[in-house]
Structures are given as structure tokens and as C-alpha cells.
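> sharing a model prediction with you, sequence too.
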Amino acid sequence: MKSDRVVDFAKGLVLPVLLLAAWEWSSRRGGGAAYVFVPLRELWSGFMGLLGSGELWLHLRASLLRTLIGLLAGGGVGIATGALVAQSRIAERLIDPLFHSVRQVPLLGLIPLLGLWVGSGDTAKLLVIAIAAFYPTVLNTSEGIRQVELRYREVGRMLTLTQLQTFRRILLPAALPAIVTGVTHAQAFAWLACLGGELLFSAGPGMGSLLINGEVSGRMDVVLLAVLVIALLAQLMNLVFNRLAQLLMRGRTSQ
């Protein structure tokens, strides 16, 4: 069993190793190529420089904090809104048309409006992230509750549960898989929105600001390192959220 895992891991390293070798070969093809394909030694030196100065951690921490705060705010409001829309016809008639109309507007199209309303500071960036997290949580929560089987609702009526008790003991547990899926999607959208907001509202620290600083200063190594760190961090966040979702669902099924 372990040997199979080692073989699979080795196979997974083949393409990255080939890409690194091709990158290093391309960097040795002349001055212009060395600028575009920064030699691996310079990339490592730049990485250690950013790490040693604390600049990388400063930008990384700012982006992570914004993403988590925006996800918590937008996702929390989204779950509450989705639950309300799924259970109240009045709320559905009042909220649904406006929600689906605004949802059709690309998030980048709202950024100039947000900039005029709240400026270009952290508030604007957090609003962009929260809106990105709001959409998938509303959709998945409302659909998850609406698709709860009728027989579960009938059990609540037989037990004379109140509407709040029915939601807490029957609807919410039954809709949990859909809600978890919505939060997982919201995490990915929140991270993308965080980077987009930082690139467009460039004031303050963040991985988007690090990209812009590298571009302005002509530091191709900084730009490449920022892109690499963003990709690795996004993958790590995705793995963590998926693992948490699996543990949550496993705990639900074992109850």
C-alpha cells in the first residue's frame, strides 16, 4: 500500500520537475529570456529576501485576514438570507427578484460604485469579498432547504414543533450538505475577490499590492513569486476547507 502511494507521488512529481527543468533551460537563452524566465537561483534568492524582510508575511497575512473576515460576514448573511427566502413566501417575493437581478451584474462592475460609496480602503475590499461569498451561500442554502423531503417536514408537524424548532432540528441538518457546498464555493470566490479588490484598490498591504509593487519596480522575480505563493495558498485553502467539510459531514452522518 505504501509502495503504491510512493509510486503515485513520484508520478505526480514528473511534470513539475520537467517544467522546472524547461524553465531553467529557457532562462539561459539570453538576456531577454532571462528577464521573462527568471533563473531559479534568483527566484530562490528573491524568496529568501522577501521572507527575511517580513514583507511576504505582511502581505500574506493581510490577504488571508481580509478573505476570512469577508467570508465570515458574507457567508453568514448569505446563509441567513437563503434560509429566510426558502421558508417565507413574502421574503421570497421581496428578496428573490432583487437578488437575481443584482447577481447578474459582474462583481467587477460593482467596484466603481463601491469606490464612490466607501472609498478605496479596506472597507471596499471587504465589501467585494463579502459580496462574492454572499451569492453562493444564498443559492445553496435556499435550494438545500427547499429540497428537504416532505416526509421530514411531516415529522415536525407530528411532533408539533414550532417553525424555529423545525428549522433547527430538521431543515438545517437535512440541508447541511448543500450549505457546506455553498461555503466551499464561497471560499474560492472570496479568495479570488480578495486578489481582485487588492489589484484594483491597491492601497494597503496584500498579495495584490505585492504583485503591483513587483510590476512597478520591474522585479519579475517578485511578480513570479507572488503568483506562485497565491497559487499554493489557494490550493492549501481549498484542501483545508474540503477537509473540514468532510469532517463536518462525517460527524453529521455518525449522529
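Done, it's in. Just so you know, these numbers come straight off a predicted model, no measurement behind them.
> please count neighbours and contacts with C-alpha atoms only from this point.
Will do.
> count of residues packed around L56?
When neighbours are counted by other Cα atoms under 10 Å, L56 registers 22.
> swap in D122?
19.
> can you check the pLDDT for it?
With respect to pLDDT, D122 has a value of 83.
> for the remainder of this discussion, apply numbering that starts at 357.
That works, and once the first residue is 357, the last one we named lands at D478.
> helices along the stretch 507-611 of the chain, start to end?
Secondary structure of the stretch 507-611 of the chain by DSSP state H, counting those that start in this stretch: the helices cover 519-522, 528-556, 563-572, 576-610.
> give me the helices and strands touching the second one, please.
For helix 528-556, the elements it packs on are helix 411-443, helix 478-502, helix 563-572, helix 576-610, judged by 3 or more Cα pairs under 8 Å, 6 or more residues apart in numbering; DSSP states H and E.
> quick one: low-confidence parts of the stretch 507-611 of the chain?
512, 516-518, 559, 607-611 (pLDDT under 70).
> buried set for stretch 557-571?
Neighbour counts using 16 or more other Cα atoms under 10 Å place 557-558, 561-568, 570 of stretch 557-571 among the buried residues.
> gap between the two ends of that stretch?
End-to-end distance for stretch 557-571: 16 Å, by Cα to Cα, to the nearest Å.
> cool, stretch 553-570 as well?
Taking Cα to Cα, the first and last residues of stretch 553-570 lie 17 Å apart.
> could you list the domains of this protein?
Following automatic domain parsing, the chain resolves into domains at 357-393, 395-610.
> quick revisit: reformat the helices and strands packed on helix 528-556 as CSV; add distance to R525.
CSV is the format used below for those (distance: least, Cα to Cα, whole Å):
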stretch, distance to R525
helix 411-443, 14
helix 478-502, 12
helix 563-572, 42
helix 576-610, 12
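> from the ones you listed, which stretch is densest packed?
helix 478-502 (a mean of 25; mean count of other Cα atoms under 10 Å).
> now for that helix, which elements pack on it?
In this structure, helix 478-502 packs against helix 411-443, helix 463-474, helix 528-556, with contacts taken as 3+ Cα pairs under 8 Å, 6+ apart.
> can you list these in JSON lines and add distance to Q519?
Formatted as JSON lines, those follow (distance: least, Cα to Cα, whole Å):
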{"stretch": "helix 411-443", "distance to Q519": "9"}
{"stretch": "helix 463-474", "distance to Q519": "35"}
{"stretch": "helix 528-556", "distance to Q519": "12"}
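> follow-up on the earlier one: and the furthest pair within the buried residues of stretch 557-571?
Maximum pairwise distance among these (Cα to Cα): 16.0 Å, between F557 and G570.
> residue contacts, W547?
423, 485, 590 (Cα atoms under 8 Å, 6 or more residues apart in numbering).
> circling back: looking at the helices and strands packed on helix 528-556, which is nearest to Q460?
helix 478-502 (10.5 Å).
> check the offset of that closest one from the chain's centre.
Relative to the mean C-alpha coordinate of its chain, helix 478-502 is positioned 11 Å out (Cα atoms, centre = their mean, to the nearest Å).
> okay, the angle between that helix and helix 463-474?
Taking axes from the mean of the first three to the mean of the last three Cα atoms, to 10 degrees, one finds that helix 478-502 is oriented at 130 degrees with respect to helix 463-474.
> between helix 478-502 and helix 528-556, how many degrees?
150 degrees.
> what about the residue sitting furthest away from the middle of the chain, distance to Y508?
The centre of the chain is farthest from one residue, M514, which by Cα atoms, centre = their mean lies 41.2 Å away. M514 is 10 Å from Y508, where distance means Cα to Cα.
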